[in-house]
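sequence first, then the predicted structure, then my questions.
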Protein chains: 2
Amino acid sequence: MLGRITIDSLSPATPSRRFPTKAIVGERVTVSADIFRDGHDLLGARVRWRHVGREGKGRWSTAPMEDRGNDRWEAVISPTQIGRHEIVVEAWRDRFATWRHDVEIKAGISHDDVELELEEGARILEALAAGVGAGDRRRVLDAAAGLRRTSCSVHVRLNAGLDDRVARLVATVPDADLTEAPPLPLWVDRPRALFGAWYELFPRSEGGFDGAAKRLRAVADMGFDIVYLPPIHPIGVTERKGPNNTLGAGPDDPGSPWAIGSAEGGHTAIAPELGTIEDFRRFCGEARDLGLEVALDYALQCSPDHPWVREHPEWFWRRPDGSIRYAENPPKKYQDIYPINFWPESDADRQGLWSACRDVLDHWIDQGIRIFRVDNPHTKPMTFWAWLIERLQRDHPDVILLSEAFTRPKVMAKLAEVGFSQSYTYFTWRNEPWEMRDYVNELAYGPTAAYMRPNFWPNTPDILSGPLRHGPAAAFRMRFMLAATLVPSYGIYSGYELYENEPASDTNEEYLHSEKYEIRRRDWARPDSLAPFIATVNDIRRRHPALQWLKNVRFHGSSNDRFLVWSRGHRDEGDLVLVVVNFDPHSAQETVLELDLGAIGLPWQGPYTAFDELTGDAFAWDGPNPYVRLDPWEGQVAHVLALG
Amino acid sequence: MLGRITIDSLSPATPSRRFPTKAIVGERVTVSADIFRDGHDLLGARVRWRHVGREGKGRWSTAPMEDRGNDRWEAVISPTQIGRHEIVVEAWRDRFATWRHDVEIKAGISHDDVELELEEGARILEALAAGVGAGDRRRVLDAAAGLRRTSCSVHVRLNAGLDDRVARLVATVPDADLTEAPPLPLWVDRPRALFGAWYELFPRSEGGFDGAAKRLRAVADMGFDIVYLPPIHPIGVTERKGPNNTLGAGPDDPGSPWAIGSAEGGHTAIAPELGTIEDFRRFCGEARDLGLEVALDYALQCSPDHPWVREHPEWFWRRPDGSIRYAENPPKKYQDIYPINFWPESDADRQGLWSACRDVLDHWIDQGIRIFRVDNPHTKPMTFWAWLIERLQRDHPDVILLSEAFTRPKVMAKLAEVGFSQSYTYFTWRNEPWEMRDYVNELAYGPTAAYMRPNFWPNTPDILSGPLRHGPAAAFRMRFMLAATLVPSYGIYSGYELYENEPASDTNEEYLHSEKYEIRRRDWARPDSLAPFIATVNDIRRRHPALQWLKNVRFHGSSNDRFLVWSRGHRDEGDLVLVVVNFDPHSAQETVLELDLGAIGLPWQGPYTAFDELTGDAFAWDGPNPYVRLDPWEGQVAHVLALG
């Protein structure tokens, strides 16, 4: 049975309406719905929401909804606690407002005609008084009495009953035709799920955990928030890959960290060449002391030497000759890796496998890890992730999972829908200003924005793409600036600051001598390192709250289409940043900006200041069309301007 | 528990996903969904659908779905039976296609490497053979044997197994990871729910049913399909309205037919001044003989004299002085009408009322009526309509309900969603070519198109609007042409053909001397009557299947923005009609058309014929830019051109 009032098209909701949308604590979440009833009566509506944790359900908070036109009602809520929430939209007939609306029109025509209405109004107020707080009840009853006072004129009595404060009091009493919509689930994360700078490094290239710990100071000085480590587990020896993904590794070849598992252990063990679990704990402690959080890789696959292969052959695919199938994506072959069969025939086997996968995460959570970068989640069932993440976050609502799903758009979005906190994106392959603008608008305001948070990576150990391939230093600055200032979360893989950019081949977007198969020693002290530039940009990100949100980006015009121009924030919110990037790393370009000043709170007439956070220069601008020139050969790829 | 395969964003579906979408028998319904699975395996998918009637569930039909790109799968189904249907989308892993895809790539690299794969392929075929029809099973098993035949080369064996026909046979076996989406409900109507021309007349103005029966021949000759009668029930005497909605009717004033009920009876009785039930039956019989179907008005409200007021005072609102509240929409008052309280406090009263409302329809259905025009449905609860229509159509799937909901857009759409077969629209207030184009595109292709069918009325007894007010005869031709050829269902109210257009006042869009309150005698024999023009257009509608569908309209450009230009159909479908209308009824206009020839199946180069169905002229056109001139003073407001 439907309620009397229609409450439709609720937002925020995911496409399937089966999973929570996402926010962070303190985020302003707009809740809206189509709300209407038969006839012409006026309605009231509100949002109720509460935290729903393992320990029980929190107290309801409420916010009144307002009709924004065309029967669309809206309220803004701002959750303060991490974890699961439920949001309920409810609506009712506002009997007093309806009465008041009608009687005001009628009284405007003839006072004689409204005597009976005054009695009806009094009865409505008396009925609603019970729903008003005890402190205000007397005021409502007095208004009812005022409507009835026979010694007064209709005019005086109407004014007594039509007290605005009384109307507001009784309007919030969900009295007649109360209808509530099914609850909307909302997942609230800690702020790091939205805003953070990631730095990926291979500890073995620094000599293991102890050596890597020595790099942490430099990483912290560059202003990163998260240090992400590729798998730190023992690496298989069977079919181990040599340099450049070749078969037949030599005795000194370290193998791919993603070929997880050896006689030394599997996903819960530490590779001996990196150190011990104590070394790992010390590394994490030093990171923490520097304000860095450590993220681990969660790669659900096994080398042929992983203990699971022996203990649980039922978790793998067996071929007609009895061998176990290795990973393939024809014509590519990964002989050093066995994929896991996440859907073994027996339910008991599936439960055993899925629980074992969860135990791995629990193990590292027990070690204090709360952020995981998940390898190739699109090759495991959505159902598995839905199951895993729901259970994981029920116990540990501070866990953040980054989905490495460089896959088809709908698969990427679905992984976000079933629970991943963040997702790698197609940023790496968006190289034109217009396509970058469209893509960021889609991410910030498109249908996935309620549940998918982007994390922009100019490079990864697997991906050397676009203008970085053979590109000049300016290309590295430019792509870094885009990633760091278009969206709140981004990351780079170490070596980026040294402009590493030799591709595996013209058709292979991986690196030559990829660190996945070799130990790389780097000269971190190189004088031309991008590190100071990175430090400056990360500092700007931390000082400007406008750069810490996704849904505040607005693109502006440029007379030269090699530029991308966007603002974040709004002057009325106290922070407004304008970024101007020259997409051409090879030549100086100039442009006249076409700023939508009204939309960001600046006057169309009169001067304002543009303070360049990169150089310290302050420009006095006037009007929407300032001139900009950026010359990559002078190190200028962008302006990051605080406007005010 | 979710299935292994994701099946999302199913279409067609209504916004709330709680009510059926709509089609007519023979309509091509595109069923689509996002379908994907983890990993790279190839999928198969199909639609299953069946009729679900009172008498039980029909047999499943199936149609294979195809991937149209970006993981969107699609199939077209065409139901052949009226009534409720359910549609199930299901998907599975196509094990053989996946195997074949991989082995073909591998075999392209090295034949030695695929020996084991051939055995795997044989096993897959053997497993799938059980799901193939008995007649084809041998062929599948032979292919499996071929893959194993050790005396042949890998090349020969591959070809044996990679038989396309075998691949197609086993591809349809829902074998691995079978996942089915929740069923989509679809309501299938008879064709009249989509295509029909309505003519509204007041039988009392023709002297009752016997007199009105004499008009039927003329209505049939004009080519109408449906004769719609305002309420035919006894009219109340208490507070009866006089001419022009005045209070204090004289003894000869007939009253508004919408003030239903008197001592002679209520919604199931016949107004004595119209005749008897036998006269009504005879009228219906004569209509039927002329190919006309009679539609009645379903107006759920009562005059103060309606038997329900005495028998069921609990169905009305009582005021503090004990009186019953009459209808008001301040400052308008309808003292001759009591609205019904559709949500009385007691559940038993509600059930009693709703059942009584249903009994009214059942009564007229027993009299052979199957089409109802429902008065002001937006003032009754959506829940009531959902309840009523579901039950009604379960027993009588041939019933058609037209919603008279001249209300807000979301309320209009929701009434369609909960079950109304057709809806009045905002056509009457769309007077510019650009807004008409946008509106028709919205109706045909927008979010409501899956469940809301428009019915365009240039006028009604309540509405004399736009260019018809004080407009010349050309305005009547023009608005008629738009209604009759933009969408498949339309209607006019009698008097339109005589250009009646005196408004009640400059601010009131009703008629002066509205037939709602007075008996109108008309000179049907007037030589300038629009009847022959109407007959011509209705004949064109019947001869051209393209004019009988909604979702085949396409707008074309015009150098002069006073024109609207659109086509219906496609040359490949065997029928293609182009309509060109001059929106200016006061002056001749000329234009150069900008036809999208490719989109309608005509060549960009070379001649084609445009045969004017109104005049019999044939034009030899060449290319996308023919010249058109239409002079309303010569009676030319439109071309209706058969293109070929």
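Okay, I see it. Residues are numbered from 1 along each chain as shown, chains lettered A, B, ... in the order given.

shaky segments in the stretch 301-450 of chain A?
Flagging of the stretch 301-450 of chain A using pLDDT under 70 yields an empty set of residue ranges.

switch to 90 and redo it
Segments of the stretch 301-450 of chain A classed as low confidence (criterion: pLDDT under 90) are A:328-333, A:406.

residue of it nearest chain B, please.
Using C-beta to the nearest C-beta, residue A:330 is the residue of the stretch 301-450 of chain A that sits closest to chain B, at 3.9 Å. (Glycine included, C-beta is placed from N, CA and C.)

same question for the stretch 151-300 of chain A.
Using C-beta to the nearest C-beta, the point where the stretch 151-300 of chain A gets nearest to chain B is residue A:177, with a distance of 7.2 Å.

so that residue: helix, strand or coil?
Taking DSSP: H, G, I helix; E, B strand; the rest coil as the rule, one finds residue A:177 in the strand state.

and the residue lying closest to the residue of the stretch 301-450 of chain A closest to chain B once chain neighbours are set aside, what element?
Take residue A:330 and drop its neighbours on the chain: the residue closest to it by C-beta to C-beta, 6 or more residues apart in numbering or on different chains is residue B:105, 3.9 Å away. Element membership for residue B:105 (DSSP states H and E) is helix B:95-109.

how about the residues of the stretch 151-300 of chain A by chain B?
Taking C-beta under 8 Å from any C-beta of the partner chain as the criterion, the neighbours of chain B within the stretch 151-300 of chain A are residue A:177.

which residues in the stretch 151-300 of chain A form strands?
Chain-ordered strands for the stretch 151-300 of chain A, with DSSP state E, counting those that start in this stretch as the definition, fall at A:176-180, A:184-189, A:196-200, A:226-229, A:293-298.

possible to save those as CSV with mean neighbour count and distance to residue A:370?
What follows is the strands of the stretch 151-300 of chain A, written out as CSV (neighbours: other C-beta atoms under 10 Å in any protein chain shown; distance: least, C-beta to C-beta, whole Å):
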stretch, mean neighbour count, distance to residue A:370
strand A:176-180, 18, 35
strand A:184-189, 22, 11
strand A:196-200, 24, 12
strand A:226-229, 22, 10
strand A:293-298, 22, 7
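
turn these into TSV, columns for distance to residue A:30 and mean pLDDT.
What follows is these, written out as TSV (distance: least, C-beta to C-beta, whole Å; pLDDT from 0 to 100):
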stretch	distance to residue A:30	mean pLDDT
strand A:176-180	19	91
strand A:184-189	12	98
strand A:196-200	24	98
strand A:226-229	29	98
strand A:293-298	30	98
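
nearest to residue A:580, of those strands?
Each of the strands of the stretch 151-300 of chain A has some distance to residue A:580 by C-beta to C-beta; the shortest is strand A:196-200, at 21.2 Å.

contacting residues around that closest one?
With contacts defined as C-beta atoms under 8 Å, 6 or more residues apart in numbering or on different chains, strand A:196-200 is touched by A:219, A:222-230, A:295, A:455, A:457, A:460-461, A:484, A:488-494, A:538, A:541.

which strands and helices sit next to the worst-scoring helix or strand of chain A on mean pLDDT?
Counting by mean pLDDT, DSSP states H and E, the weakest-scoring helix or strand in chain A turns out to be helix A:154-161, with a mean of 82. Under the contact criterion of 3 or more C-beta pairs under 8 Å, 6 or more residues apart in numbering or on different chains; DSSP states H and E, the helices and strands touching helix A:154-161 comprise helix A:95-109, helix A:115-129, helix A:134-148.
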